[in-house]
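Colleague: no FASTA, just this:
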């Protein structure tokens, strides 16, 4: 049974990756400092190590216990914060990731699946975006993701490891079986914020911009269900172990949904109106951002199971029922 170390495994995406791998019979070790993850997300059957990626000795200890592959999901991810406090992001995202890579090399751990982001592309020059799109991040968070990709690429070229860089678009949803209940703290993303408005935890939703060149004037994004992301991690893991070569792929549905369409669909599901208003555009928000994920389909035989936005929203609302 392969032993898989999920770094940042107690977080939102990490918990779903955990479930996917446990369901497939892998031995899962969750490594997390719980700064943004939650102990409730460490699932039955997984081992748990509470430690930081800035702790080199803790990483060395866990890597020396016999690890077959690493899934790296530990990152600070608030775009706005990265522009105000880049030092925090440099230390955690870049230095922490180099600590992981160095500990892997030291202990001859050859495979890593990395949680990257569509933020590496910056403002889209065309849509849907494929992997050949120019890399030009417009925020420091996006830059840190690309910096880690570049370091993994060098380590790979030098024969030290194989990597899969998975460039996510907009992760949404929750495990449909209800096995994962831990919510994100201080959510920054649209759907968790909508749920806080729906449950009265937050007074209202601000929609940034309603004058974009889109059918309803609000931004269009590619929303991918987190369980589809989790499935892609498992497929990438097997690809690395079997093919022993690196890859970089986008993960998205290829379909765009506007902010207003998300709000309308949520109102329909919960059976009441949401309190929202329109606010000025945020700098750096493109009108449309969607993925071309054909390469993931070709290399990993991956495709999303969740293609209906109402089904995705329902999995989030189920947490409130």
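Modeller: Received it, and whenever you're ready, just let me know what you need. Only a predicted model underlies this, so the values are computations on that prediction, with no experimental measurement involved. Numbering: from 1, shown residues only.
Colleague: For the stretch 151-300 of the chain, which segments are assigned as strands?
Modeller: 162-168, 170-172, 205-208, 220-221, 223-225, 247-251, 257-258, 276-279, 288-289 (DSSP state E, counting those that start in this stretch).
Colleague: ok, residues contacting the third one?
Modeller: Counting contacts by C-beta atoms under 8 Å, 6 or more residues apart in numbering, the residues outside strand 205-208 that touch it are 193-194, 197, 218-219, 259-260, 263, 274-282, 285. Every C-beta, even on glycine, is put in place using the N, C-alpha and C of the backbone.
Colleague: The same query, at a cut-off of 6 Å, please.
Modeller: Applying C-beta atoms under 6 Å, 6 or more residues apart in numbering, the contact partners of strand 205-208 are 194, 197, 218, 259, 276, 278-279, 281-282.
Colleague: quick one on the thing from earlier: same list (the strands of the stretch 151-300 of the chain) but as JSON lines, adding mean neighbour count and mean pLDDT.
Modeller: Formatted as JSON lines, these follow (neighbours: other C-beta atoms under 10 Å; pLDDT from 0 to 100):
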{"stretch": "strand 162-168", "mean neighbour count": "25", "mean pLDDT": "98"}
{"stretch": "strand 170-172", "mean neighbour count": "21", "mean pLDDT": "96"}
{"stretch": "strand 205-208", "mean neighbour count": "16", "mean pLDDT": "96"}
{"stretch": "strand 220-221", "mean neighbour count": "24", "mean pLDDT": "97"}
{"stretch": "strand 223-225", "mean neighbour count": "26", "mean pLDDT": "97"}
{"stretch": "strand 247-251", "mean neighbour count": "23", "mean pLDDT": "98"}
{"stretch": "strand 257-258", "mean neighbour count": "21", "mean pLDDT": "98"}
{"stretch": "strand 276-279", "mean neighbour count": "13", "mean pLDDT": "97"}
{"stretch": "strand 288-289", "mean neighbour count": "20", "mean pLDDT": "96"}
